[in-house]
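Participant: Have a look at this fold, sequence not included:
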Ligand SMILES: Nc1ncnc2c1ncn2[C@@H]1O[C@H](COP(=O)(O)OP(=O)(O)OP(=O)(O)O)[C@@H](O)[C@H]1O
């Protein structure tokens, strides 16, 4: 317990975390420097107005006591001017503070999104999507504590304290010294409060991240949850996490209300003591009523800058707790400098060569060791092999999603290391097993293939992919909404959209991850023709499951445990005793030849 408290206190005063957060937000603050300068100037005005108003109350009171009606009237224009300036200052302050706070937050979110898009695939797959969402929806907002008005308070509070102190010493030194006794109490209570809030803040951010992950997983895996009747279990999990969050937030609210009450009590005590002593001075004629009023008006400024500074510090702590989760992601090195985008002119083509490649996703579990494979330009190569042989990994490596630990991958003699992600990925069209459709129309989903696609090209591609008639049968044809918010397509329909995308991308290298079940016999017949046409003149690698595809490929590579164990044409391989024949026989024993899922799973 003692050690825990000690480490909490050490953390609380550790400048390392604060420095980490500041060095991160500083460039964003500097980008909005005009707004920050404006806020600083307005703070000067605010300090002037604070003193001016207090002086105004005092003087008008003394005039009311000693002077006449006419003299009081002469104060009115000055008072009105002060009010006008105060309104203008407050409106401008809100405006500039909005720019300084929300502008920084906007830039930060953009940067964060950009960074995630550039992170290596292996890194991103380690994060739960709900957790990443939570960084955007929750954690980044924690930056409030170190930017905008919170940051300006670092300058504002000490200045206001000094200015008011000097001004009040001039009014009455004794009263001023009495007020100073309160300062240590205010400082201590502020620090304790910040310490406790930091601890809770960390727990709350972590819990919100977990809750978001649970929600995201639940919605993504709803079918699995339903088929395994996990609804009750997931509901209980959610309720428990929510309850935990509620307790933490309740604790936070209690802390804050205690702190506010304490602040009010100390403020009231200071006020009463000052009023009593001040009244004594007034009765002795050492102080005018107006001067006492001015003093009482300003004395809170000897108190709240201290608690305010403690609050700012607590705000820093909360921000550190929230932002360290974001920083953990941001400090991971990105894969590419620029966000990749489609390039037409610097696409690559040629023989594809995996040269002495050693690769593992996780340490000590090599998928490939000194792996070699050459795929001739313009040929169709089918990869077959049992599950886990490394077929998909070959695709991942070729597209640069993962980098080999040693060895090299070359296209047309050029190492992938020399190619930009834009050039590499613009050269490859992938038809995956599972097609992802974005929320939007059919047209939008086809147009993502590359920029500047014409309507004519789009329709031609859809006709070739045997999906045009189906699209026309949809309520709004190519303008029908599909994806999450729209009409749901079958696996086969989605795959044909993916083929149309590949046709439109018109890339020199084609990667097909054949689905075993997405296409029925009839559709396959049509799609096969489209695919065969698409493969013409392109270097094609197919993770093949169907006999028809395998038979029409130029070379079949049989893979097992990260190695090519056999290669040749279908007829050549059938003559050999080996894995290919084994896979073929086991698949054939129960299936008809026309639509054959060949690869053993
Ligand atoms: N993202 C990943 N992280 C860690 N290991 C992975 C990852 N993806 C694949 N693996 C592992 O790498 C090995 C090769 O997997 P890969 O997906 O390339 O096989 P495959 O031949 O395509 O299998 P399938 O036909 O079942 O898709 C497997 O042992 C698998 O568990």
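Facilitator: That came through fine. Bear in mind the structure is a predicted one, so any value in this text is a computation, not a measurement.

Participant: Quick check, central residue of the protein?
Facilitator: residue 136 (4.3 Å; C-alpha atoms, centre = their mean).

Participant: Relative to residue 200, how far out is that residue?
Facilitator: Counting by C-beta to C-beta, to the nearest Å, the gap between residue 136 and residue 200 amounts to 22 Å. All C-beta atoms are positioned from the backbone trio N, CA, C, and that covers glycine.

Participant: Quick check: the gap between the residue lying closest to the residue nearest to the centre of the chain once chain neighbours are set aside and residue 142.
Facilitator: If the residues on either side of it in the chain are set aside, residue 136 comes closest to residue 109, at 6.2 Å by C-beta to C-beta, 6 or more residues apart in numbering. Residue 109 sits 12 Å away from residue 142, going by C-beta to C-beta.

Participant: How about residue 470?
Facilitator: Using C-beta to C-beta, residue 470 is found at 48 Å from residue 142.

Participant: so what's the residue of the stretch 51-200 of the chain found nearest the ligand up against?
Facilitator: Evaluated by C-beta to the nearest ligand atom, the stretch 51-200 of the chain has residue 125 as its residue closest to the ligand, separated by 5.5 Å. Shown in contact with residue 125 (C-beta atoms under 8 Å, 6 or more residues apart in numbering): no residues.

Participant: cool, residue 373 as well?
Facilitator: Contacts for residue 373 (C-beta under 8 Å, 6+ apart) come out as 353-354, 394, 557, 564.

Participant: name the element it belongs to?
Facilitator: Residue 373 is located in strand 366-375, with elements delineated by DSSP states H and E.

Participant: I believe the residue nearest to the centre of the chain is in a helix; please confirm or correct that.
Facilitator: Yes - note on residue 136: a helix contains this position according to DSSP: H, G, I helix; E, B strand; the rest coil.

Participant: For the residue in the stretch 401-550 of the chain that the ligand sits nearest to, give me phi and psi.
Facilitator: Closest residue of the stretch 401-550 of the chain to the ligand, C-beta to the nearest ligand atom: residue 543 (6.5 Å). Backbone torsions for residue 543, taken as degrees, to the nearest 10, come to phi -80, psi 100.

Participant: so it sits right up against residue 392, yeah?
Facilitator: Yes - the pair residue 543 and residue 392 qualifies as a contact (C-beta atoms under 8 Å) at a distance of 6.7 Å.

Participant: Tell me which of the two has more neighbours.
Facilitator: residue 543 (23 against 17; other C-beta atoms under 10 Å).

Participant: So in terms of bridging, what pairs with that one?
Facilitator: On the basis of DSSP bridges, residue 543 is bridged to residue 383, residue 513.

Participant: ok, for residue 244, nearest residue in space, not its chain neighbours?
Facilitator: Once its chain neighbours are removed from consideration, residue 244 has its nearest residue in residue 207; the separation is 6.0 Å (C-beta to C-beta, 6+ apart).

Participant: Could you tell me the model confidence score at the one you found?
Facilitator: The predicted local confidence for residue 207 comes out at a pLDDT of 88.

Participant: Pull the contacting residues for it.
Facilitator: 241, 244-245, 248.

Participant: Tell me the one of these nearest the ligand?
Facilitator: Of all those, the ligand sits closest to residue 241, with 27.3 Å by C-beta to the nearest ligand atom.

Participant: Give me the neighbour count for that closest one.
Facilitator: Residue crowding around residue 241 was assessed by other C-beta under 10 Å; the count is 17.

Participant: Excluding residues flanking it in the chain, which one is nearest it?
Facilitator: Once its chain neighbours are removed from consideration, residue 241 has its nearest residue in residue 211; the separation is 5.0 Å (C-beta to C-beta, 6+ apart).

Participant: Can you report how many residues neighbour that neighbour?
Facilitator: Close neighbours of residue 211, defined as other C-beta under 10 Å, add up to 19.

Participant: same question, residue 84
Facilitator: Neighbourhood size, residue 84 [other C-beta under 10 Å]: 10.

Participant: Am I right that it sits in a helix?
Facilitator: Yes - secondary structure assignment (three-state DSSP) places residue 84 inside a helix.

Participant: Name the helix or strand for residue 471, please.
Facilitator: With elements delineated by DSSP H and E, residue 471 resides in helix 468-473, which encompasses its position.

Participant: what mean pLDDT does the very next helix or strand once past that helix have?
Facilitator: Following the chain from helix 468-473 toward its C-terminal end, the next helix or strand by DSSP H and E is strand 481-482. Computed over strand 481-482, the mean pLDDT rounds to 88.

Participant: other SSEs contacting the next helix or strand after strand 481-482?
Facilitator: Per DSSP H and E, the first helix or strand lying C-terminal to strand 481-482 is helix 491-505. Packing contacts for helix 491-505, counted by 3 or more C-beta pairs under 8 Å, 6 or more residues apart in numbering; DSSP states H and E, involve strand 428-431, helix 442-447, helix 455-464, helix 521-535.

Participant: can you map out the strands along the chain?
Facilitator: Listed in chain order, the strands of the chain (DSSP state E) span 352-360, 366-375, 380-384, 406-411, 414-415, 428-431, 440-441, 481-482, 509-513, 539-543, 555-560, 563-568.

Participant: any chance of these in TSV, with distance to residue 234 too?
Facilitator: Formatted as TSV, the strands of the chain follow (distance: least, C-beta to C-beta, whole Å):
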stretch	distance to residue 234
strand 352-360	34
strand 366-375	33
strand 380-384	38
strand 406-411	42
strand 414-415	47
strand 428-431	33
strand 440-441	30
strand 481-482	28
strand 509-513	31
strand 539-543	34
strand 555-560	38
strand 563-568	42
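
Participant: per-residue pLDDT, the spatially closest residue to residue 494 that is not a sequence neighbour?
Facilitator: In this structure, residue 494 finds its nearest non-sequential neighbour in residue 435, 3.9 Å apart by C-beta to C-beta, 6+ apart. According to the model's per-residue confidence, residue 435 sits at a pLDDT of 87.

Participant: So in the protein, which helix runs the longest?
Facilitator: For the chain, the helix that runs over the most residues, judged by DSSP state H, is helix 231-283.

Participant: Show me what that helix is packed up against.
Facilitator: Packing contacts for helix 231-283, counted by 3+ C-beta pairs under 8 Å, 6+ apart, involve helix 173-220, helix 289-299, helix 304-330.

Participant: how about low-confidence regions in this structure?
Facilitator: Within the chain, the stretches with pLDDT under 70 are 1-2, 4-5, 7-14, 198, 484-486, 515-523, 526, 587-601.

Participant: Around the ligand, which positions in it sit nearby?
Facilitator: Within the chain, the positions adjacent to the ligand are 125, 361-362, 367, 385, 387-393 by C-beta under 6 Å from any ligand atom.

Participant: mind listing what's buried in stretch 23-43?
Facilitator: Neighbour-count burial for stretch 23-43, with 16 or more other C-beta atoms under 10 Å as criterion, is recorded at 24-25, 28-29, 32, 35-36, 38-39, 42-43.

Participant: Just want the phi and psi numbers for residue 68.
Facilitator: Backbone torsions of residue 68, given as degrees, to the nearest 10, read phi -110, psi -180.

Participant: Going forward, the N-terminal residue is numbered 754.
Facilitator: OK, 754 is where the count begins now, so the last one is residue 821.

Participant: distance of it from residue 827?
Facilitator: Between residue 821 and residue 827 the computed distance is 10 Å (C-beta to C-beta).

Participant: Ok, residue 1248 next?
Facilitator: Shown here: residue 1248 relative to residue 827, a distance of 86 Å by C-beta to C-beta.

Participant: cool, and residue 1263?
Facilitator: For residue 1263, the distance to residue 827 equals 88 Å [C-beta to C-beta].
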